[in-house]
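*Asks:* Quick one, fold the following:
(2 chains)
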Amino acid sequence: MGSSNYLTYEVKERTIFGQSRWMASLRLVKRYRLCDLVEEVAARNSCRPAEVEAFMVALAREVGVQLESGAEVNVKGLGTFYPKMITQMVDTPEEATLKNCVKSITVGFRPEQKMMRAVKEAGIKEFDKPKQTDSTKE
Amino acid sequence: MNTVIVHKTMAVGKHKGKRRYTINREKSAHIHTSVVVENISKATTFSPADIELLLSSVAEVVMEKVAAGCSISLGEIGTIRPTITARSVESRNLCNAKTITNRGIRLIGSPKLNRRLRNMPLRVTNSATRKNTKKEDVK
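*Replies:* Okay, the predicted model is just below:
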């Protein structure tokens, strides 16, 4: 049974170590904003978009609060959010201070297996650039 | 957030064979969905059953859109999008779907959340170093 979902890739030329090479690069089909997500969820649940938006705001606030305390948060259906530190290494333990080693902190994400499986089982196709039509007539 | 100093013997690169040090996040609490649902229920007028229903609906929509090659914004949490890893090839004709080696999902945190996390107070809990055990370190 084939998947009706497809990931689209585009072939791009890149310079790698001074050499010109070609590689496949993912092309996003559409960028869904929060309002689009809210509308779709509201339509599926027969509830008002304002309620769904309030829920998303509350969810984001709760995840943010837990991440700020250093905890990992599991959200069923989506995955696990955790605070991710971007660090660098030093030569001695005396130099290993927060100022020297921690470059940045961001949010990490481990998706649920079901979501990963959906992406891995999706079809793949190349993006067809629209052909330029010749509008000149004799 | 609590952090610990860890060390690792480098296996490759210009520091090969040398022991180097860095700071890692300490093992922390793992908050389950039920706690998230309870806290959201307390903060809003939604019942826990409503929250679970909305959560499963959001997850379903996100999964469908990401598998269809779209990126989707979760508001102040960030944006989830699919990713692919591919090999590079010498000519355009050789580049096709078979060069794609892996697929994944990535979250790009929202600027507001990233700013909150950057301003988060950090604390080093141990001055003694701990070995960052990985397969290459175990002989």
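
*Asks:* Which of the helices or strands spans residue A:93?
*Replies:* Secondary structure assignment for residue A:93, by DSSP states H and E: no helix or strand.

*Asks:* correct me, but it touches residue B:6?
*Replies:* No: applying CB atoms under 8 Å as the test, residue A:93 and residue B:6 come out as separate, 10.0 Å apart. All C-beta spots, glycine's among them, are computed from the backbone N, C-alpha and C.

*Asks:* separation between the residue positioned nearest the centre of chain A and residue B:113?
*Replies:* The centre of chain A sits closest to residue A:109, judged by CA atoms, centre = their mean, with a distance of 9.0 Å. Going from residue A:109 to residue B:113 by CB to CB, to the nearest Å gives 12 Å.

*Asks:* Enumerate every residue touching the most centrally placed residue in chain B.
*Replies:* In chain B, the centroid-proximal residue (CA atoms, centre = their mean) is residue B:107; its distance is 7.1 Å. By CB atoms under 8 Å, 6 or more residues apart in numbering or on different chains, the contact set of residue B:107 is A:81, A:107, A:108, A:109, B:77, B:78, B:79, B:80.

*Asks:* Doesn't residue A:120 belong to a helix?
*Replies:* Yes: using DSSP: H, G, I helix; E, B strand; the rest coil, the assignment for residue A:120 is a helix.

*Asks:* thinking again about what came up before, helices or strands next to the helix or strand the residue nearest to the centre of chain A falls within in the packing?
*Replies:* Residue A:109 is part of strand A:102-111, with elements assigned from DSSP H and E. Packed against strand A:102-111, as judged by 3 or more CB pairs under 8 Å, 6 or more residues apart in numbering or on different chains; DSSP states H and E, are the following elements: strand A:79-87, strand B:78-86, strand B:100-109, helix B:111-118.

*Asks:* Longest helix of the chain, counting residues only.
*Replies:* Unless you meant another one, I'm taking chain A. Looking across chain A with DSSP state H, the single longest helix is helix A:49-68.

*Asks:* Can you look at chain B instead?
*Replies:* Longest helix of chain B, by residue count under DSSP H: helix B:48-67.

*Asks:* Direction included, what does the following helix or strand past that helix pair against?
*Replies:* Per DSSP H and E, the first helix or strand lying C-terminal to helix B:48-67 is strand B:71-73. Here strand B:71-73 is paired, per DSSP bridges, with strand A:31-32 (parallel), strand B:78-86 (antiparallel).

*Asks:* Can you say which of those is nearest to residue B:27?
*Replies:* strand B:78-86 (23.7 Å; CB to CB).

*Asks:* For that closest one, buried residues please.
*Replies:* For strand B:78-86, burial by neighbour count (16 or more other CB atoms under 10 Å in any protein chain shown) applies to B:78, B:79, B:80, B:81, B:82, B:84, B:86.

*Asks:* Columns pLDDT on top of these, output as a markdown table?
*Replies:* A markdown table is the format used below for the buried residues of strand B:78-86 (pLDDT from 0 to 100):
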| residue | pLDDT |
| --- | --- |
| B:78 | 95 |
| B:79 | 96 |
| B:80 | 96 |
| B:81 | 95 |
| B:82 | 95 |
| B:84 | 94 |
| B:86 | 93 |
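
*Asks:* follow-up on the earlier one: which one of the helices and strands packed on strand A:102-111 lies nearest to residue A:121?
*Replies:* That would be strand B:100-109 among the helices and strands packed on strand A:102-111, by CB to CB, at 9.5 Å.

*Asks:* quick one: average pLDDT of that closest one?
*Replies:* Computed over strand B:100-109, the mean pLDDT rounds to 94.

*Asks:* Can you dump the C-alpha atoms of that strand in PDB for me?
*Replies:* Only the C-alpha atoms of strand B:100-109 are listed here, as PDB (Å, rounded to 0.1, in the frame of the first residue of the first chain):
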ATOM      1  CA  ILE B 100      19.100  10.300   0.000                       C
ATOM      2  CA  THR B 101      20.500   8.400   3.000                       C
ATOM      3  CA  ASN B 102      18.300   9.500   5.900                       C
ATOM      4  CA  ARG B 103      15.200  11.400   6.800                       C
ATOM      5  CA  GLY B 104      14.300  13.100  10.000                       C
ATOM      6  CA  ILE B 105      12.300  15.700  11.800                       C
ATOM      7  CA  ARG B 106      13.700  18.900  13.300                       C
ATOM      8  CA  LEU B 107      12.400  21.500  15.700                       C
ATOM      9  CA  ILE B 108      13.600  25.100  15.300                       C
ATOM     10  CA  GLY B 109      12.900  26.900  18.600                       C
END
